[in-house]
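Q: Structure here, sequence nowhere to be found:
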């Protein structure tokens, strides 16, 4: 049986986003909350999440690329937006046009920001707001702590730039008992003291990601930058339940084909799954091109059909996923299956997928593709209830 009954959709509960922002803000009441909406709002839709987060009390937003910030501006969002990575040469003009705060971590970046700001069209405009990033232990990007004062002085001396903030990023805050975070904060404190002595400490100091906000009050400073927690997902199993978070995303696909298979038959590319009994198999119109990873069907992942847990079977293909509904199933084409979320009394989560694949929930939700329709409840134009 087959029919055209639509494709997969992600149902985004904006009420859950608002609830999470308020819960996170209450955790750090003395800090400004900056909701991180990079990667299209972790797969949830950047503009709708940003508007909801701001209505719920966030005052800043953060993105990774200049184009992401420009998208927010085109949608009419006027809040401060921090670009978390150093702009490339072409991005400097975009960042300036979109009025983004930018991150800087090197002398080369300072030169690039100055050159871009003084290019034709940049003269006479307000200075570009710069946040100096210090590497206190993440070892990804950021200046060496010993270079922080020199770089801060270079930014402060430039008429094209304004030293607005100093920041770091926590590498292991999601493991609350690990001493690495304490060491990072100690190194950051030394940098802040050096900036104080040089009379260069800017008005905004920030370090806390979701895990820092939840588990390390000493990291809160002037601004906190929660990302994954805004979407109702814990940054690690150790922090699950640290605050009341509500997952905002439900991934749904209608059954597009239903068939009976016999014991001994095999399914999908490579014929790697063999049925031990006669059963009913349903096909869903969603696959690894949409973010349903190819290995999930071999790793024990389950889908909810009719309020029951049903295993994916065989390898997930580019556009379709197969599910064993059981020998007595009475399912029909067009009936909704839930890949992430609740149906009846059952629930399957992004964490379930992450566990099956040996990864993290971040990778699951950010990997959901653009072919999946995003539906919002309430609609972004409607008020979100307190």
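A: Cool, the structure landed. Here the structure is a predicted model, which means the values were calculated and not measured.
Q: Surely residue 251 and residue 339 touch.
A: Yes - applying C-beta atoms under 8 Å, one finds residue 251 in contact with residue 339, separated by 4.4 Å. In short, each C-beta sits where N, CA and C put it, glycine included.
Q: Quick check: neighbours shared by those two?
A: Counting by C-beta atoms under 8 Å, 6 or more residues apart in numbering, the residues touching both residue 251 and residue 339 are residue 8.
Q: Can you show me the helices along the stretch 51-200 of the chain?
A: For the stretch 51-200 of the chain, helices defined by DSSP state H, counting those that start in this stretch occupy the ranges 66-74, 89-97, 107-117, 148-157, 180-197.
Q: Where does pLDDT dip in the stretch 201-350 of the chain?
A: Across the stretch 201-350 of the chain, no stretch falls below the confidence threshold (pLDDT under 70).
Q: can you give me the strands in it?
A: 204-208, 223-224, 249-254, 257-261, 266-267, 273-274, 279-284, 302-305, 308-311, 321-326, 336-343, 346-348 (DSSP state E, counting those that start in this stretch).
Q: Export the ones you listed as JSON lines, with columns for distance to residue 82 and mean neighbour count.
A: Shown next, in JSON lines, are the strands of the stretch 201-350 of the chain (distance: least, C-beta to C-beta, whole Å; neighbours: other C-beta atoms under 10 Å):
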{"stretch": "strand 204-208", "distance to residue 82": "9", "mean neighbour count": "24"}
{"stretch": "strand 223-224", "distance to residue 82": "9", "mean neighbour count": "25"}
{"stretch": "strand 249-254", "distance to residue 82": "24", "mean neighbour count": "24"}
{"stretch": "strand 257-261", "distance to residue 82": "46", "mean neighbour count": "15"}
{"stretch": "strand 266-267", "distance to residue 82": "48", "mean neighbour count": "16"}
{"stretch": "strand 273-274", "distance to residue 82": "47", "mean neighbour count": "16"}
{"stretch": "strand 279-284", "distance to residue 82": "38", "mean neighbour count": "22"}
{"stretch": "strand 302-305", "distance to residue 82": "38", "mean neighbour count": "23"}
{"stretch": "strand 308-311", "distance to residue 82": "41", "mean neighbour count": "16"}
{"stretch": "strand 321-326", "distance to residue 82": "37", "mean neighbour count": "25"}
{"stretch": "strand 336-343", "distance to residue 82": "29", "mean neighbour count": "21"}
{"stretch": "strand 346-348", "distance to residue 82": "34", "mean neighbour count": "17"}
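Q: Dump those strands to CSV, plus distance to residue 101.
A: As requested, the strands of the stretch 201-350 of the chain are arranged in CSV below (distance: least, C-beta to C-beta, whole Å):
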stretch, distance to residue 101
strand 204-208, 9
strand 223-224, 11
strand 249-254, 28
strand 257-261, 50
strand 266-267, 52
strand 273-274, 51
strand 279-284, 42
strand 302-305, 42
strand 308-311, 46
strand 321-326, 41
strand 336-343, 33
strand 346-348, 38
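Q: ok, how many other residues are close to residue 327?
A: Number of residues near residue 327 (other C-beta atoms under 10 Å) recorded here: 12.
Q: Please give me every residue in contact with the residue positioned nearest the centre of the chain.
A: With distances taken as C-alpha atoms, centre = their mean, the residue of the chain nearest its centroid is residue 42 (3.0 Å). By C-beta under 8 Å, 6+ apart, residue 42 lies in contact with 36, 227, 228, 230, 231, 362, 365, 366.
Q: Turn the buried ones among these into a named ChimeraX selection, would you?
A: Those of these that count as buried under 16 or more other C-beta atoms under 10 Å are selected in ChimeraX with:
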select :36,227,228,230,231,362,365,366
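Q: Among the contacts of residue 42, which one sits closest to residue 298?
A: residue 365 (21.4 Å; C-beta to C-beta).
Q: how much space between that closest one and residue 267?
A: 28 Å (C-beta to C-beta, to the nearest Å).
Q: so which of the helices of the stretch 51-200 of the chain gets nearest residue 332?
A: helix 66-74 (39.6 Å).
Q: by how many degrees do the closest one and helix 89-97 diverge?
A: 20 degrees (axes from the mean of the first three to the mean of the last three C-alpha atoms, to 10 degrees).
Q: List the buried residues of helix 66-74.
A: Result for helix 66-74 [16+ other C-beta under 10 Å]: buried residues 66, 68, 69, 70, 71, 72.
Q: is it true that the first one touches residue 95?
A: Yes - in terms of C-beta under 8 Å, residue 66 counts as a neighbour of residue 95; the distance is 4.7 Å.
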